[in-house]
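Undergrad: Starting from these lines, generate the structure:
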Amino acid sequence: MAWFKRDKPKIDVAQPEEERTVNTSGIFIKCPDCENPLYKRELIESQQVCTHCGHHFRYSAIERLETLFDDGRYERLDDEVTSSDPLGFVDTKPYKDRIEAAKAASGLPEAIVSGSGRVSGHLVYAAAMDMSFIGGSMGSAVGEKITRQIERALENKGAVVIFSASGGARMQEGTLSLMQMGKISAALSMLDKAGLPFISVLTDPTTGGVTASFAMLGDVIIAEPKALIGFAGPRVIEQTIRQKLPKGFQRSEFLLEHGMVDMVVDRREMRETIIRMLDFMMNDRKAA
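TA: Purely as a prediction, here's the structure:
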């Protein structure tokens, strides 16, 4: 007869597999280039640039403006300028529905965000395109917002900085979207005659009518590393000319080598680079 008797069942120290698994969802992000895990907070602090290999993740328009302006402070402009549906366009679904879906998904009123403020004391009118809104496509509203920024710079003797990220013209608006190419280019011509700077920053991707117009008209053209920059995509070009394209074709470094852009700059160094450009081009207009 046992001296002691267990009244309770043995403790099962083994836990179900799902309870022993640590959920890292939303904590780590895998870099698509080097495949290293990245701590999300660390990635935010590095402006969405991989700390291992320098891969540049997509960056939102709001984040770009916040990292450009002094202390992240700027005045939002022209949020009321939004897309309409002048053609009553319908493909797989009405264009109006696409606009509303893009607003809900991106949290933005349009594919570009405009603002004004100071960059190291310089008066700057900036705009940043966002791929999350119908692929950053350029419709009438985008063209109007950019043109207004240029006109404000002319009136107040400021500089213009535009961050491009676009799949091209928004064809749901037909010829009206293509007209924005000439409209913005004409405004930039007036800016040039006034001796005021336009700094164009090309990000991944910058294609179509945006590349074919204002994005390549900067007094200084800066590109982020490995950004896709061109008119038609590489696959379309290969199918058209039936030839294999060179390695790195249409990437920032290839364009720099062939004289299409002035410099390739890491995003973490972008603000300081733009400040140096403004100091050089606007040294007689800097705020006291």
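Undergrad: ok, now which ones touch the nearest residue to residue 99 once chain neighbours are set aside?
TA: Closest residue to residue 99 apart from its sequence neighbours, by CB to CB, 6 or more residues apart in numbering: residue 83 at 5.2 Å. Heads up, the C-betas are built off the backbone N, CA and C, glycines and all. When the contact criterion is CB atoms under 8 Å, 6 or more residues apart in numbering, the partners of residue 83 are 99, 110, 139-141, 170, 173.
Undergrad: Including distance to residue 222, could the residues you listed go into CSV?
TA: CSV is the format used below for the contacts of residue 83 (distance: CB to CB, whole Å):
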residue, distance to residue 222
99, 31
110, 24
139, 25
140, 27
141, 25
170, 25
173, 29
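Undergrad: who wins for most neighbours among these?
TA: Of all the contacts of residue 83, the highest neighbour tally under other CB atoms under 10 Å goes to residue 170, namely 30 neighbours.
Undergrad: Just to check, that one is in contact with residue 177?
TA: Yes: with contacts defined as CB atoms under 8 Å, residue 170 counts as touching residue 177 at a distance of 4.7 Å.
Undergrad: which neighbours do those two share?
TA: Overlap between the contact sets of residue 170 and residue 177, as judged by CB under 8 Å, 6+ apart, is given by 137-139.
Undergrad: where along the stretch 151-288 of the chain do the strands fall?
TA: All strands of the stretch 151-288 of the chain, identified by DSSP state E, counting those that start in this stretch, fall at 159-166, 198-206, 220-223, 263-264.
Undergrad: so which of those strands gets nearest residue 103?
TA: Closest to residue 103 of the strands of the stretch 151-288 of the chain is strand 159-166 (CB to CB; 17.5 Å).
Undergrad: Direction included, what does that closest one pair up with?
TA: The strands beside strand 159-166 in its sheet (DSSP bridges) come out as strand 122-129 (parallel), strand 198-206 (parallel).
Undergrad: quick one: buried residues of it?
TA: 159-166 (16 or more other CB atoms under 10 Å).
Undergrad: All the helices of the stretch 151-288 of the chain, in order from the start?
TA: In the stretch 151-288 of the chain, helices defined by DSSP state H, counting those that start in this stretch lie at 175-193, 208-211, 234-241, 252-257, 270-281, listed in chain order.
Undergrad: Can you tell me which of these is packed in deepest?
TA: helix 208-211 (a mean of 25; mean count of other CB atoms under 10 Å).
Undergrad: For that one, which helices and strands make contact with it?
TA: Under the contact criterion of 3 or more CB pairs under 8 Å, 6 or more residues apart in numbering; DSSP states H and E, the helices and strands touching helix 208-211 comprise strand 159-166, helix 175-193.
Undergrad: Between helix 175-193 and the shortest one, find me the angle.
TA: In terms of direction (axes from the mean of the first three to the mean of the last three CA atoms, to 10 degrees), strand 159-166 departs from helix 175-193 by 150 degrees.
Undergrad: Specify the angle between strand 159-166 and helix 270-281 in degrees.
TA: Between the axis of strand 159-166 and that of helix 270-281 there is an angle of 140 degrees, by the same axes, to 10 degrees.
Undergrad: Off-centre distance for strand 159-166?
TA: Strand 159-166 has its average C-alpha position 9 Å from the chain's average C-alpha position, going by CA atoms, centre = their mean, to the nearest Å.
Undergrad: for stretch 236-252, same thing?
TA: Stretch 236-252 sits 24 Å away from the centroid of its parent chain (CA atoms, centre = their mean).
Undergrad: Start and end of it, how far apart?
TA: Taking CA to CA, to the nearest Å, the span from the opening residue of stretch 236-252 to its closing residue is 19 Å.
Undergrad: What mean pLDDT does that stretch get?
TA: When pLDDT is averaged over stretch 236-252, the result is 93.
Undergrad: quick one: contacts of that stretch?
TA: If you take CB under 8 Å, 6+ apart as the criterion, stretch 236-252 is touched by 202, 223-230, 232-234, 254, 261, 264.
Undergrad: and those residues, which are buried?
TA: Of all these considered here, the ones buried according to neighbour count by 16+ other CB under 10 Å are 202, 223-230, 233, 254, 261, 264.
Undergrad: Just give me the neighbour total for residue 86.
TA: Using other CB under 10 Å, residue 86 has 15 neighbouring residues.
Undergrad: Could you chop this protein up by domain?
TA: Using automatic domain parsing, the domain parsing of the chain gives 24-57, 59-281.
Undergrad: Lowest mean pLDDT across the ones you listed, which one is that?
TA: Set side by side, these give their lowest mean pLDDT on domain 24-57, at a mean of 91.
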